[in-house]
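[1] only the shape, not the letters, is given here:
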């Protein structure tokens, strides 16, 4: 039985991977931040030395919305660089067989963000409000590629990279100003409902489109990628990068309607056109992973209903 370490098992992505892996014949290891600080190289090295680990899902990262990225650029860059460097180095040193590095769609240059392909990834792109987060993730990808190249014949570890679109689901972070679009809208709509507000204000004009993916679908794709035969994986993904996604995008106005339906808010939605609308379209080309045999399961409406149920469960605890 193989041993799998999920780094960041309490977060949006990590908790979904943890849930699905429990149905497989694997031994799962998890550690809270109090038990293991991944930004501390000594703690990480000691942990990997004390445990025989076959596979690692690196789902731990400092993440946030546009405002958080603008307010805390140094925090986003330094913390993510430390976590990535420590875990990737430890995987190589302690003979981990496979490690999955999880990146997001903003790693792609702005001009390629409309149905971006794996081959569109460029390493120099100084655009975007989340530039510092992007640089950190790009550094992690380059580090994975460098280890695959330098230690190909000396280390058993193979580093794989999956790129995620805009994710949402259980254990998301709900903050109107600092969260991603779905949890922010869920929180707004919930507050409007319980406060009996007649209107719900949305930033921008509602025309921007985003590819939205339920976290358990993404977790399923991560496990699928990790279970691919090494030679088949490299044959289809020579750069070790595979996009995940649902293959379609949704406008913010359509998303707002679906969120209000899930939350059961019946007021009027108004759009503040003086606020930023964002990039017109952000989506990924996921033909590669679909060609390998993986497909998504949840519709957007289903994912939103499950997310709101989880939100109510956790929101009422606070």
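    Done, it's in. The model shown is predicted, which means the values in this text are computed figures rather than measured ones.
[2] okay, strands next: where are they in the protein?
    With strands called from DSSP state E, the chain shows them at 2-7, 26-29, 55-58, 98-104, 158-164, 166-168, 199-203, 209-210, 212-214, 241-243, 250-251, 268-272, 281-282.
[3] out of these, nearest to residue 186?
    Closest to residue 186 of the strands of the chain, according to Cβ to Cβ: strand 166-168, at 8.2 Å. Where you see a C-beta, it was placed from the backbone N, CA and C, and this is true even at glycine.
[4] and the closest one, how far out from the chain middle?
    7 Å (Cα atoms, centre = their mean, to the nearest Å).
[5] any weak-confidence spans in this protein?
    65-67, 69, 111-113, 123-129, 152-156, 316-318 (pLDDT under 70).
[6] can you give the domain ranges for it?
    2-167+212-243, 170-210+248-280+299-315 (automatic domain parsing).
[7] a markdown table for those domains, including mean neighbour count?
    Formatted as a markdown table, the domains of the chain follow (neighbours: other Cβ atoms under 10 Å):
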| stretch | mean neighbour count |
| --- | --- |
| domain 2-167+212-243 | 19 |
| domain 170-210+248-280+299-315 | 17 |
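[8] let me have those domains in a markdown table, extended by distance to residue 293.
    Shown next, in a markdown table, are the domains of the chain (distance: least, Cβ to Cβ, whole Å):
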| stretch | distance to residue 293 |
| --- | --- |
| domain 2-167+212-243 | 8 |
| domain 170-210+248-280+299-315 | 19 |
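[9] which one, of those domains, ends up nearest to residue 292?
    Per Cβ to Cβ, nearest to residue 292 of these: domain 2-167+212-243, 6.1 Å.
[10] span of the closest one from start to end?
    For domain 2-167+212-243, the first and last residues are 26 Å from each other (Cα to Cα, to the nearest Å).
[11] same question for stretch 226-240.
    Terminal-residue distance, stretch 226-240 (Cα to Cα): 11 Å.
[12] give me the residues contacting it.
    55, 57, 98, 100, 118-119, 121, 144-145, 148, 158-161, 225, 242, 288, 291-292 (Cβ atoms under 8 Å, 6 or more residues apart in numbering).
[13] one more: stretch 12-25?
    In contact with stretch 12-25 (Cβ under 8 Å, 6+ apart) are residues 1, 4, 6-9, 28, 30, 57, 59-60, 102, 164, 167-173, 215-216, 218-220, 222-223.
[14] mind running it again at 7 Å?
    Residues from elsewhere that reach stretch 12-25 (Cβ atoms under 7 Å, 6 or more residues apart in numbering): 1, 4, 6, 8-9, 28, 30, 57, 59-60, 102, 167, 169-172, 215-216, 218-220, 222-223.
[15] do stretch 169-187 as well
    10-12, 15-16, 64-65, 67-68, 166, 168, 188, 210, 212, 214-216, 252, 255-256, 259, 263, 303, 307-308, 310-311.
[16] restricted to helices, list those residues.
    Using DSSP state H, the members of the contacts of stretch 169-187 that fall in helices are 12, 15-16, 67-68, 188, 215-216, 252, 255-256, 259, 263, 303, 307-308, 310-311.
[17] against residue 305, how distant is the closest residue to residue 27 other than its chain neighbours?
    Leaving aside its chain neighbours, residue 27 sits nearest to residue 3 (4.6 Å; criterion: Cβ to Cβ, 6 or more residues apart in numbering). Counting by Cβ to Cβ, to the nearest Å, the gap from residue 3 to residue 305 is 35 Å.
[18] now residue 217
    Distance from residue 217 to residue 305, by Cβ to Cβ: 14 Å.
[19] same check, this time on residue 107
    Residue 107 is 30 Å from residue 305, by Cβ to Cβ.
[20] before we move on, what about residue 265?
    14 Å.
[21] likewise residue 254?
    From residue 254 to residue 305 the distance is 16 Å (Cβ to Cβ).
[22] ditto for residue 41
    Counting by Cβ to Cβ, the gap from residue 41 to residue 305 is 42 Å.
[23] then residue 212?
    14 Å.
[24] not counting its neighbours along the chain, what's nearest residue 248?
    The nearest residue in space to residue 248 (Cβ to Cβ, 6+ apart) is residue 211, at 7.0 Å.
[25] neighbours of that neighbour, how many?
    24 (other Cβ atoms under 10 Å).
[26] ok, now which ones touch it?
    So residue 211 contacts 165, 166, 245, 246, 248, 249, 282, 283, 284 (Cβ under 7 Å, 6+ apart).
[27] residues touching the residue nearest to residue 84 when sequence neighbours are not counted, list them.
    Spatially, and ignoring its direct neighbours in sequence, residue 84 is nearest to residue 140 (3.9 Å; Cβ to Cβ, 6+ apart). Residue 140 makes contacts with 84, 101, 103, as judged by Cβ under 7 Å, 6+ apart.
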